[in-house]
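S.K.: Here is a sequence together with a model predicted from it:
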Amino acid sequence: VQLQASGGGLVQPGESLRLSCAASGFTLDHYAIGWYRQAPEKGREGVSCMTSSGVVLYYADAVKGRFTASRDNAKNTLYLQMNSLKSEDTAVYYCAKREKGAFDLWGQGTLVTVSS
């Protein structure tokens, strides 16, 4: 049972990236899945959360209008489309499964670096 985040990389400001969060050992659409990020020397920040029914509960104010979460049930994968990236989006991005009110399974994280 695991989550595998991928898709990070080095991009310039204004460019886009799509992160993937692939689940194995369980069915992704049975759970709420959150995206979090942690920038260097900062605490972990919630970016977005999608319910099991596919409803996006929230986007962090810092990413509203630029990031979009989606899910492909056939691939058992959640995505985070990130557009108009800014230097302040630089962070390690994680996905996590929520069960019984807590995020109990975390992926290993993927690094996004936005720099000119």
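M.R.: That came in fine, so what should we check first?

S.K.: ok, for the residue nearest the centre of the chain, nearest residue in space, not its chain neighbours?
M.R.: Nearest to the mean C-alpha position of the chain, counting by Cα atoms, centre = their mean, stands Trp35 at 3.3 Å. Setting aside the residues directly before and after it, Trp35 is nearest to Val47 in space (Cβ to Cβ, 6 or more residues apart in numbering), at 4.2 Å. Where you see a C-beta, it was placed from the backbone N, CA and C, and this is true even at glycine.

S.K.: Remind me what the helix or strand that contains Thr113 packs against, helices and strands.
M.R.: Assessed by DSSP states H and E, Thr113 sits inside strand 110-114. Secondary-structure packing of strand 110-114 (3 or more Cβ pairs under 8 Å, 6 or more residues apart in numbering; DSSP states H and E): strand 9-11, strand 17-24, strand 91-99.

S.K.: quick revisit: would you mind measuring from the residue nearest to Trp35 to Val112?
M.R.: 11 Å (Cβ to Cβ, to the nearest Å).

S.K.: Tell me what angle the lowest-mean-pLDDT helix or strand in the chain forms with strand 91-99.
M.R.: Lowest mean confidence among the helices and strands of the chain (mean pLDDT, DSSP states H and E): strand 102-106, at a mean of 92. Between strand 102-106 and strand 91-99, the angle comes out at 120 degrees (axes from the mean of the first three to the mean of the last three Cα atoms, to 10 degrees).
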